[in-house]
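Q: Turn this into a model:
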Amino acid sequence: MGAMTSPDAPLTVGFDLDLTLLDTRPGIKATWEVFAAETGVAIDADLVVTRLGPPLEHEMAYWFPQERVPEMVSRYRALYPQYAIGPTVPMPGAEDALRAVREAGGRTLVVTAKNGPHAELHFERLGIEPDAVVGGLWAEGKAEALRAHGARVYVGDHTGDVRGAAAAGALSVAVATGPCPAEELREAGADVVLADLTDFRAWWEAYLG
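A: This next block holds a predicted model:
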């Protein structure tokens, strides 16, 4: 598949954050462990980090009654900057994937279910500068930002990301680096499935033709 770009309409590529661009598992695990100690609730932080992707509210509902979820989300988010930012590192190939898009004159957009300020903190600490970051969107909801920014490709690790790309009419490029194995991503409708972002540049150059 080829792609045409023009100076006034750069090709925009969207990326998910958790387990697509950044390995947030160590920091998220640490945050949940502190949160569990503070609340006195026995939370399996190892289990939590096996299902990253959906909004925090979804995960919190496994551990607290629905009426307490908003309060607990606020409490967790207050801990997040102190415990989750430092241990986070880029996923293999992530920085090169962003660079490849830029080298072709494209724009990079991050669309994540994570709240925007925390997403931006991650990128600031790592010295990674996407052209735009939009937080608080999940699955089909991601289409809102993808359409607004004219993204024609969306790269993610979860079946929710595949659905978001489809809802936006964007090409879905999936990486099998998160909770969903390659076959599940294909079955969800991903147009392209890569082992990880170290394979992105070769795919991207072929896509541009």
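Q: Tell me, how many residues neighbour G27?
A: Counted with other C-beta atoms under 10 Å, the neighbours of G27 add up to 22. To be clear about C-beta, it is placed using only N, CA and C from the backbone, and glycine gets the same treatment.
Q: who touches it in this structure?
A: 83-88 (C-beta atoms under 8 Å, 6 or more residues apart in numbering).
Q: Mind checking the pLDDT average for the strand or helix carrying it?
A: For G27, the host element (DSSP states H and E) is helix 25-39. Helix 25-39 carries an average pLDDT of 98.
Q: Burial check on A97, number of neighbours?
A: Neighbours of A97 (other C-beta under 10 Å): 29.
Q: Next up, the contacts around G178.
A: 18-20, 52-53, 156-158.
Q: Now, those residues that are in strands?
A: G156 (DSSP state E).
Q: ok, of the contacts of G178, which one's closest to P130?
A: Closest approach to P130 among the contacts of G178 (C-beta to C-beta): T20, at 11.9 Å.
Q: Show me what the helix or strand containing E71 is in contact with.
A: If you go by DSSP H and E, E71 is part of helix 69-84. Contact with helix 69-84 is made by 24, 27-28, 30-32, 34-35, 38-39, 56-57, 60-61, 63-64, 115, 118, 121, as judged by C-beta under 8 Å, 6+ apart.
Q: tally of neighbours for V69?
A: With other C-beta under 10 Å as criterion, V69 counts 18.
Q: Nearest spatial neighbour of it, chain-adjacent residues omitted?
A: In this structure, V69 finds its nearest non-sequential neighbour in M60, 4.9 Å apart by C-beta to C-beta, 6 or more residues apart in numbering.
Q: got a list of what the one you found touches?
A: 69, 72-73, 76.
Q: Can you lay out those residues as a markdown table showing distance to A167 and pLDDT?
A: Shown next, in a markdown table, are the contacts of M60 (distance: C-beta to C-beta, whole Å; pLDDT from 0 to 100):
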| residue | distance to A167 | pLDDT |
| --- | --- | --- |
| V69 | 25 | 98 |
| M72 | 29 | 98 |
| V73 | 25 | 98 |
| Y76 | 28 | 98 |
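Q: if I look at the residue of the chain most remote from its centre, how far off is W63?
A: Ranked by distance from the centre of the chain (C-alpha atoms, centre = their mean), the top residue is G40, with 29.6 Å. From G40 over to W63 the distance is 11 Å, taken as C-beta to C-beta, to the nearest Å.
Q: How about H158?
A: On the measure of C-beta to C-beta, H158 and W63 end up 21 Å apart.
Q: which of those two has more neighbours?
A: Between H158 and W63, H158 has the larger neighbour count (other C-beta under 10 Å), namely 27 against 18.
Q: and for the following helix or strand past the helix holding E71, what are the contacting residues?
A: Per DSSP H and E, the first helix or strand lying C-terminal to helix 69-84 is strand 89-90. Strand 89-90 is contacted from outside by 21-23, 126, 128, using C-beta under 8 Å, 6+ apart.
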